[in-house]
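**Student:** please work out how this folds:
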Amino acid sequence: MSRAFLLLFLVLSGSTVAAAPAATVVQGVVSDQGGSVLPGASVELRSATGDIHFDTHTNRDGAFRFEGVPSGVFSLEVSLPNFSRLRRSNVQVEAGAKLTINVTLSLSLSADVVVTGKNSFDLGDVENGDNLIGVAHSATQGVVSGRCRDRTGP
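**Tutor:** The predicted structure follows:
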């Protein structure tokens, strides 16, 4: 009787283990357009409803991995300074699946450049002194300064 009970227990417990779904995984590698991996990229996985959120950073091999992701529809967002932000919507995650999403980011350098300059001229060099406002207005950058000369002199 104890053998039958043990055999029944093993059969039932084995079928329970077999019926349990495997852990759901969303993983991938982030690289640039040249194929070089990008460590330190921020990776976010959000459910379409916004109530489930996973976030991580890529490792030194440019890889990321989320485990235990429930089934549903998600968006994946990847960002790294000096690269364009990438967002993939409608990422379908199935229970027990191992979903691999490799991402390529484009280099996107941007900088604010401030140009300053100084233009100086003598008002005597301007034929129509009344037009000084027009001259100053036409200078798109910099400082316009003038020095007044006596027009009645030589």
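
**Student:** give me the number of neighbouring residues for residue 30.
**Tutor:** Residues near residue 30, counting by other CB atoms under 10 Å, number 27. Every residue, glycine included, has its C-beta placed from N, CA and C.

**Student:** and if you look at residue 55?
**Tutor:** Neighbours around residue 55, by other CB under 10 Å: 12.

**Student:** where do the strands sit along the chain?
**Tutor:** In the chain, the strands defined using DSSP state E lie at 25-32, 42-47, 53-57, 63-67, 72-79, 86-93, 98-100, 103-105, 118-122, 143-147.

**Student:** least reliable of those going by mean pLDDT?
**Tutor:** Mean pLDDT per stretch puts strand 143-147 lowest among the strands of the chain, at a mean of 47.

**Student:** name the surrounding residues that touch stretch 98-113.
**Tutor:** Defining contact as CB atoms under 8 Å, 6 or more residues apart in numbering, one finds that stretch 98-113 is touched by 22, 24-33, 38, 41, 76, 78, 80, 82-84, 86, 88, 91, 93.

**Student:** what's the answer for stretch 66-79, then?
**Tutor:** For stretch 66-79, contacts defined as CB under 8 Å, 6+ apart pick out 23-27, 30, 41-48, 52, 54, 56, 85-95, 101, 103, 105.

**Student:** so what's residue 43 bridging to?
**Tutor:** residue 56, residue 78 (DSSP bridges).

**Student:** quick one on the thing from earlier: ok, of the contacts of stretch 66-79, which come out buried?
**Tutor:** Among the contacts of stretch 66-79, the ones that count as buried by 16 or more other CB atoms under 10 Å are 24-27, 30, 41-47, 54, 86, 91, 93, 101, 103, 105.

**Student:** quick revisit: dump the strands of the chain into TSV; add distance to residue 112 as well.
**Tutor:** Output for these, formatted as TSV (distance: least, CB to CB, whole Å):
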stretch	distance to residue 112
strand 25-32	24
strand 42-47	23
strand 53-57	27
strand 63-67	31
strand 72-79	20
strand 86-93	23
strand 98-100	38
strand 103-105	22
strand 118-122	21
strand 143-147	20
